[in-house]
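Chemist: fold the following.
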Amino acid sequence: MSTIGAYFRLARVGWVLVREGVVSALPTEDMPPAVGFAKSMLEPLARFRAKKQARSERLTRAVDRLGPSYVKIGPFLATRPDVVGVDWAVDLAMLQDRMAFFPTEAAKNAIQTSLGRPIEDLYTSFEEPIAAASIAQVHPAHVHGKQVAVKVVRPGVRQRFAHDIEGMYVVARMQERLLPSSRRLRPIEVTRTLEQTTKMEMDLRLEAAALSEIAENTKDDPGFRVPTVDWERTGRDVITMEWIDGIKMNDVEALRAAGHNLEKLAEVLIQSFLRHTLRDGFFHADMHPGNLFVERDGTIVAVDMGITGRLGKKERRFLAEILFGFITRDYMRVAEVHFEAGYVPGHHDVAAFAQAIRAIGEPIHGQPAETISMARLLALLFEVTDLFEMQTRPELILLQKTMVVVEGVSRMLNPRFNMWKASEPVVGDWIRDNLGPKRVVSDVKDGLKAIVKLAEAAPEIAAQTGKFHQELVHMSENGLRFDPETAEAIGKAEARHSRYGRWALWVIAAAIVYIAVTL
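Modeler: Below you'll find the predicted structure:
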């Protein structure tokens, strides 16, 4: 029944996209003629007002009508120009995560339920909200005369997201089934990444833990920090943290008037992000300018740590070598790393892939600094990797998104910002420290740890191997058989699958009729 509900919700999504003129703005090049015909039939249903609006305005209105889940998915899809196209990725990236405030009384109730204490015991004052997004809103408050920021989860947002993500999974499965060429993009894995990151974002205890971890990692870093957490006043639905007095990084004129060195801020921002990624393997994955403040002494303070990303040691090593290869124009090494990491199937030719990488990298070195764009580089890289059947790496999606956003913020501060020149000191130092003799020592230590763990598990492995051998012998003598319950379950599953397929078609038709009549 939940799948049937997902079809109804998807029908509503489709109707909103049609009415707000988003469908009529979709490109039909290289698409089957039936797609173009369907689009021409739906175009008259768009609102007259929408037909006069720019595509970005149509997207904004549609997302506002669809609700919090789709406010989140827009910027997420902006990281995938290989899926939505470069132009659409730009429009989706412009969507702002801003929502209407919910009542202060609802926020107080959520805090009291989460922490199990009256609001008067927790704060000496609790004020009206000053910012609201799809997941939560922020209230100023005071604790014993000290101002704090209190972030509270939006009521009902978890249930709404759980329903909406069902529809997204339906679309991902249909895409893989009906468009085999899209399977390399792994739409189901991408949807699973979105689901996991959003679920984590809705548990504010995890955001508090992320703030604490990054604070430890960056305690000695120059020019960057995060707010401290008040753990006594933090729970699943509420986080209380230090109030930041600073200028938002998107207020360039205010930063300039305060005497800050904008070129230096841009450099510190990108280098801080690369340190967190390469050195720590843990980074703030939502570093848009609204989440970045500059204090009086020039220190950058990053807030809203609901979305974070992690990279393992191997992924960090590959990333550093790829970046350093582009910086030093060693395109053969960049290509080899893609093959070593398993990003590109081994049956392709490394030299041919290096040639394709060179076609991307050389224009970077031949252009002025202000025209070098990470977003454009990623778009070109996606086009090339499509030719070489490179599959989507879910663990890199957040990294790709954040690199584009951070470069955009740095370029906003300094239009002539050269990301590659600013990155070289951090990436170069990491390469020298981790891909030389230190890497050998580190790998030996990791190998010894693995050997010790294997030795500890050896008795259990031997017992399991003996049991498995006995089962194989029994199977070879008596054959492989299903017990009656298993056979019956398989039969029921097959019958249910066919029945749901027929029901789905009827539900879609009924949903379209219902929406057309009521909206």
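Chemist: what's near enough to touch M305?
Modeler: For M305, the contacting residues are E207, A210, L211, I214, V226, H284, D286, by Cβ atoms under 8 Å, 6 or more residues apart in numbering. All C-beta spots, glycine's among them, are computed from the backbone N, C-alpha and C.
Chemist: if I look at it, how far off is E213?
Modeler: Separation of M305 from E213 (Cβ to Cβ, to the nearest Å) stands at 9 Å.
Chemist: please apply the same query to M200.
Modeler: Distance of M200 to E213, given as Cβ to Cβ: 13 Å.
Chemist: what's the burial count for the residue nearest to A266 when sequence neighbours are not counted?
Modeler: Closest residue to A266 apart from its sequence neighbours, by Cβ to Cβ, 6 or more residues apart in numbering: S410 at 3.8 Å. As a burial measure, S410 scores 26 neighbours (other Cβ atoms under 10 Å).
Chemist: same deal with E424?
Modeler: There are 17 residues near E424, going by other Cβ under 10 Å.
Chemist: do the same with E105
Modeler: For E105, the count of nearby residues is 9 (other Cβ under 10 Å).
Chemist: give me the most central residue, the chain.
Modeler: Centroid-nearest residue in the chain, with Cα atoms, centre = their mean: L398, separated by 4.1 Å.
Chemist: show me the contacts for that residue.
Modeler: Residues in contact with L398 (Cβ under 8 Å, 6+ apart) are T79, T193, T197, A285, I307, T308, G309.
Chemist: for it, give its distance to R236.
Modeler: 23 Å.
Chemist: is L255 in contact with L262, as I believe?
Modeler: Yes. Applying Cβ atoms under 8 Å, one finds L255 in contact with L262, separated by 6.2 Å.
Chemist: now the common contact residues for those two.
Modeler: Shared contacts of L255 and L262, defined by Cβ under 8 Å, 6+ apart, comprise L413.
Chemist: that older thread, sticking with the residue nearest to the centre of the chain, tell me its helix or strand.
Modeler: Here L398 is covered by helix 394-413, with elements defined by DSSP states H and E.
Chemist: could you find the closest non-adjacent residue to R183?
Modeler: In space, and not counting its chain neighbours, R183 is closest to E176: 5.3 Å by Cβ to Cβ, 6+ apart.
Chemist: now that neighbour: how far from H348?
Modeler: 23 Å.
Chemist: can you tell me the SS state at T240?
Modeler: Applying DSSP: H, G, I helix; E, B strand; the rest coil to T240 yields a three-state assignment of strand.
Chemist: typo on my end, T60
Modeler: helix.
Chemist: and it, how many neighbours does it have?
Modeler: 19.
Chemist: likewise for G67?
Modeler: 17.
Chemist: could you pull up the contacting residues of it?
Modeler: S134, R160, D164.
Chemist: how close does the first one sit to D297?
Modeler: Okay, so that is S134. To D297, S134 is 33 Å away according to Cβ to Cβ.
Chemist: quick check, pLDDT for the residue nearest to R183.
Modeler: pLDDT, E176: 77.
Chemist: cool, and T385?
Modeler: 66.
Chemist: same check on F48?
Modeler: On the pLDDT scale, F48 is placed at 65.
Chemist: related to what we said a few turns ago, residues of the helix or strand where the residue nearest to R183 lies that come out buried?
Modeler: Following DSSP H and E, one finds E176 within helix 157-178. Neighbour-count burial for helix 157-178 flags V157, R158, F161, D164, I165, E166, G167, M168, Y169, V170, A172, Q175 (criterion: 16 or more other Cβ atoms under 10 Å).
Chemist: in the protein, which helix or strand is least confident?
Modeler: The helix or strand with the lowest mean pLDDT-type score in the chain, counting by mean pLDDT, DSSP states H and E, is helix 484-518 (a mean of 55).
Chemist: which stretches of the stretch 301-450 of the chain form helices?
Modeler: Applying DSSP state H, counting those that start in this stretch to the stretch 301-450 of the chain gives helices spanning 313-328, 331-340, 350-365, 374-387, 394-413, 419-434, 437-478.
Chemist: surely K248 is in contact with L292?
Modeler: Yes. Between K248 and L292 there is a contact under Cβ under 8 Å: 7.1 Å.
Chemist: these two - which one has more neighbours?
Modeler: Between K248 and L292, counted using other Cβ under 10 Å, L292 has the larger neighbour count: 23 against 15.
Chemist: distance of the more buried one relative to R192?
Modeler: Distance, L292 to R192, by Cβ to Cβ: 29 Å.
Chemist: and R225, how many residues sit next to it?
Modeler: Around R225 there are 18 residues (other Cβ under 10 Å).
Chemist: for G235, that is, sorry about that
Modeler: Neighbour tally, G235, other Cβ under 10 Å: 21.
Chemist: who's in contact with it?
Modeler: For G235, the contacting residues are I111, S114, L115, L204, R205, by Cβ under 8 Å, 6+ apart.
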